[in-house]
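Participant: Below are the sequence and a predicted model for it; my questions follow.
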Amino acid sequence: MRTTWIILFLTIAAAAGMYFYFSRKAEPAAYDTIAFKNTPDSILQKVKVYTADRPMEVFYHDSTWTLSDSTPLTRIMNNRTTDSISKNYVEKTLFVTYDDKFFYDMDLRKADSNAAYNIDLQLVPVSDTMMVYGSIDQKNAGVINFRNPMANLFKSFVITYNDRRPDSLKIDTSAGSPHSKATKIITVLKP
């Protein structure tokens with residue numbers, strides 16, 4: 001009879017231990033992850049991904065991405081399908097290029113810089129352009145799904161993020177201006 005009680009007590013203790021072990025919350029990740037999924041290797045070999053922290057202006061000239069102070073953008077995902085970036089930012093912009101013909105810029109904005117995102121991207125050729133399909137998993141805040149075409153890469157151009165510039169330098173966005181309410185302006189320097 002004594003052995004039965006010992007076995008019962010050990011079984012209850014083991015069950016309680018397993019319950020608490022498997023019901024604990026996972027530690028928050030120290031980084032955001034970015035991955036290309038369901039994209040053929042033939043396309044991935046021609047893809048380059050760059051990052052910039054809250055840029056006001058980004059210059060592109062003959063396959064080189066730089067900030068307004070000539071600092072080159074950080075390249076990530078060198079010959080890999082997944083990579084990670086630090087999660088400690090409020091705003092970051094990702095630039096995805098394909099075969100030095102198309103590009104896509106994606107702004108990431110966080111309310112909480114401690115939140116880690118999982119970013120999944122897929123590139124799909126569609127007639128004369130590439131489409132970017134993606135999702136951003138914000139953990140407890142939900143998932144954002146998107147689908148956008150990539151823009152043509154010109155020989156030389158500038159992307160100006162008008163909403164990030166100081167008020168004294170902003171391009172006129174009044175109702176009469178052709179840039180009405182534009183937050184991003186692309187100026188082609190050399191087609």
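Facilitator: Thanks, I have the structure now.

Participant: any idea of the mean pLDDT in the lengthiest helix in the chain?
Facilitator: For the chain, the helix that runs over the most residues, judged by DSSP state H, is helix 2-23. The average pLDDT within helix 2-23 is 84.

Participant: cool, stretch 164-173 as well?
Facilitator: 63.

Participant: Heading C-terminal from the helix or strand bottoming out on mean pLDDT in the chain, find the next helix or strand.
Facilitator: Lowest by mean pLDDT, DSSP states H and E among the helices and strands of the chain is helix 2-23, with a mean of 84. Following helix 2-23 in sequence order, the next helix or strand is strand 31-36 (DSSP states H and E).

Participant: ok, residues contacting the helix or strand following that following strand?
Facilitator: Beyond strand 31-36 on the C-terminal side, the first helix or strand identified by DSSP H and E is helix 41-44. The contact list for helix 41-44 (Cβ atoms under 8 Å, 6 or more residues apart in numbering) reads 36, 81, 98, 123, 125. Any C-beta I mention is one placed from the backbone N, CA and C, and that applies to glycine too.

Participant: which residues touch the residue lying closest to the first one once chain neighbours are set aside?
Facilitator: Just to be clear, that refers to residue 36. With sequence-adjacent residues excluded and distances taken as Cβ to Cβ, 6 or more residues apart in numbering, residue 36 is closest to residue 81, at 4.9 Å. Going by Cβ under 8 Å, 6+ apart, residue 81 touches 35, 36, 37, 39, 44.

Participant: for residue 61, what are its contacts?
Facilitator: Residue 61 neighbours (Cβ under 8 Å, 6+ apart): 155, 156, 189.

Participant: could you redo the last one with a cut-off of 7 Å?
Facilitator: residue 156 (Cβ atoms under 7 Å, 6 or more residues apart in numbering).

Participant: Right, I'll leave it there.
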